[in-house]
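Participant: Below is the sequence, then the predicted model.
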Amino acid sequence: MDVNTGVATTALPPVLMVHGWAGSFARTWQMSGVETLLQETGRNVVGIDLLGHGTADKPHDSSAYSDMSLPIRQSAKDLRVDAVGFSLGAIALLHAATINPNMFRKLVLLGVGDRIFEPHDPAESALIISGIDGTAAVENTLARQFGNYARQSDNDPLALKAVLQRSRGEVFKRENASAMSAEVLVIVGDRDFVLPADQLVQSFKSAKFKLLKNCDHFASTDNFSFIDAMLDFLKD
């Protein structure tokens, strides 16, 4: 009940927040203050650390990572929730939605594009692994950026390599996207290597797209335009 109007109100569902590869809930969403901003709007935030990251277990066997969306599904249980995911976190959210298309009410996908419909290219993982191992060419800025992420203080580089070497299973399909009942907001920086994202956006029943100006993949989670768009999308 709203004490000012006397009108009955319905509580909004919790918001699951999922980080990207080599990140964690604490580093990606808490240290940046994004969690606090969302809580100040009255939302209950549930932080998730994917296997191999943050406070979760960090096995070195790649077969342990065949189901990256498991902690998401365990956290949601039988509830219909909202969720925000960045990069690998967004991919894991979409995998969860292929298992339960009605799991999400509203879904914010940051740093993913049309390539999610394509089979994984092992060369992409090999490039990132070269950055972790320190064998990447000096001029390969992208590999070295990923390598720097992997070597942050609370990370286990061997676990993160195992994540990259995991079996990917079936490719996410347009039919999977169209089966989802969630309202979706796709957000990508205009300098992000995941672009384009047009086909992904068009595949959902209800979706909006936000392009972040002068923003690359790695700066997306701290981008003010992303934060404003995410808060506005989840406000009701």
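Facilitator: All right, it came through fine.
Participant: helices or strands next to the helix or strand of the chain with the lowest mean pLDDT in the packing?
Facilitator: Every helix and strand in the chain was compared by mean pLDDT, DSSP states H and E; the lowest is helix 141-150, with a mean of 87. Applying 3 or more Cβ pairs under 8 Å, 6 or more residues apart in numbering; DSSP states H and E, one finds that helix 141-150 contacts helix 122-133, helix 157-164. C-beta coordinates here come from the backbone N, C-alpha and C atoms, glycine included.
Participant: Kindly reformat those helices as CSV containing mean pLDDT.
Facilitator: Shown next, in CSV, are the helices and strands packed on helix 141-150 (pLDDT from 0 to 100):
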stretch, mean pLDDT
helix 122-133, 91
helix 157-164, 96
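Participant: quick one, which of these is nearest to Phe104?
Facilitator: Closest of the helices and strands packed on helix 141-150 to Phe104 is helix 157-164, at 23.0 Å (criterion: Cβ to Cβ).
Participant: which other helices and strands contact that closest one?
Facilitator: For helix 157-164, the packing partners by 3+ Cβ pairs under 8 Å, 6+ apart come out as helix 122-133, helix 141-150.
Participant: circling back: buried residues of the least confident helix or strand of the chain, list them for me.
Facilitator: For helix 141-150, a neighbour-count test (16 or more other Cβ atoms under 10 Å) marks Leu142, Ala143, Arg144, Gln145, Phe146, Gly147, Tyr149, Ala150 as buried.
Participant: dump the residue contacts of the nearest residue to Lys58 once chain neighbours are set aside.
Facilitator: Among residues not flanking Lys58 along the chain, Ala159 sits closest, at 3.7 Å (Cβ to Cβ, 6 or more residues apart in numbering). Going by Cβ atoms under 8 Å, 6 or more residues apart in numbering, Ala159 touches Gly52, His53, Lys58, Pro59, His60.
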